[in-house]
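Peer 1: Sequence and predicted structure below; questions after.
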Amino acid sequence: MDEYKRKKIYDWKRSGVISNDFNKLYEHHMSINNCELCKVEFNKDIMMERRCLDHDHKTGLYRQTICHKCNTQFDKQKYKNNKSGHKNICFDKSNNRYEYRKVINGKKIFKRFQTLEEAVDFKNKFEK
């Protein structure tokens with residue numbers, strides 16, 4: 001795997017993207033030449049025309065490949081929790097796993113997971 005592809009997939013995982021096959025997702029993402037919203041042709045030399053992977057910050061699922069300009073125009077207020085898109089869940093890059101962290105009545109709750117899906121399932125059950 002080339003370095004750019006490895007870094008891109010790592011960044012997606014860190015951002016909370018979920019996929020059964022990241023290699024296939026990467027190939028699909030790179031095969032798209034125009035923004036799926038505004039139709040501008042991607043240009044890696046112009047910041048606002050760079051290719052971005054848009055994903056649902058609640059589920060982690062891929063939605064579409066869009067330009068940086070369209071990506072930054074979405075309502076970012078919805079996604080202010082953290083890079084995983086889930087409040088109290090973060091990616092620990094040193095251990096390559098997801099962590100759920102929360103303080104309840106002064107008690108720290110901390111649990112590690114291999115996948116974001118596992119962390120989200122725990123969070124949903126724990127916070128009911």
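Peer 2: Perfect, thanks for sending it. Numbering: from 1, shown residues only.
Peer 1: What segments of this protein are helices?
Peer 2: In the chain, the segments counted as helices under DSSP state H are 3-14, 22-31, 68-73, 116-126.
Peer 1: Any regions of the protein where pLDDT drops low?
Peer 2: The model of the chain has pLDDT under 70 over residues 1, 74-86, 93-95.
Peer 1: Show me it divided up by domain.
Peer 2: Domain assignment for the chain by automatic domain parsing gives 3-78, 81-126.
Peer 1: List the buried residues for stretch 46-65?
Peer 2: Using 16 or more other C-beta atoms under 10 Å as the test for burial, stretch 46-65 gives 49, 51, 52, 53, 54, 55, 57, 59, 60, 62, 65. Yep, even glycine has a C-beta here, placed from its N, CA and C like the rest.
Peer 1: so can I have a markdown table of the residues you listed showing distance to residue 71?
Peer 2: Compiled in a markdown table, the buried residues of stretch 46-65 are given as follows (distance: C-beta to C-beta, whole Å):
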| residue | distance to residue 71 |
| --- | --- |
| 49 | 11 |
| 51 | 10 |
| 52 | 4 |
| 53 | 9 |
| 54 | 6 |
| 55 | 10 |
| 57 | 12 |
| 59 | 17 |
| 60 | 16 |
| 62 | 13 |
| 65 | 10 |
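Peer 1: for those, which one is nearest residue 103?
Peer 2: Using C-beta to C-beta, residue 57 is the member of those that sits closest to residue 103, with 22.6 Å.
Peer 1: Against residue 98, how distant is that closest one?
Peer 2: Here residue 57 is placed at a distance of 14 Å from residue 98 (C-beta to C-beta, to the nearest Å).
Peer 1: Count the neighbours of residue 89 for me.
Peer 2: Burial measure for residue 89: 23 neighbouring residues, criterion other C-beta atoms under 10 Å.
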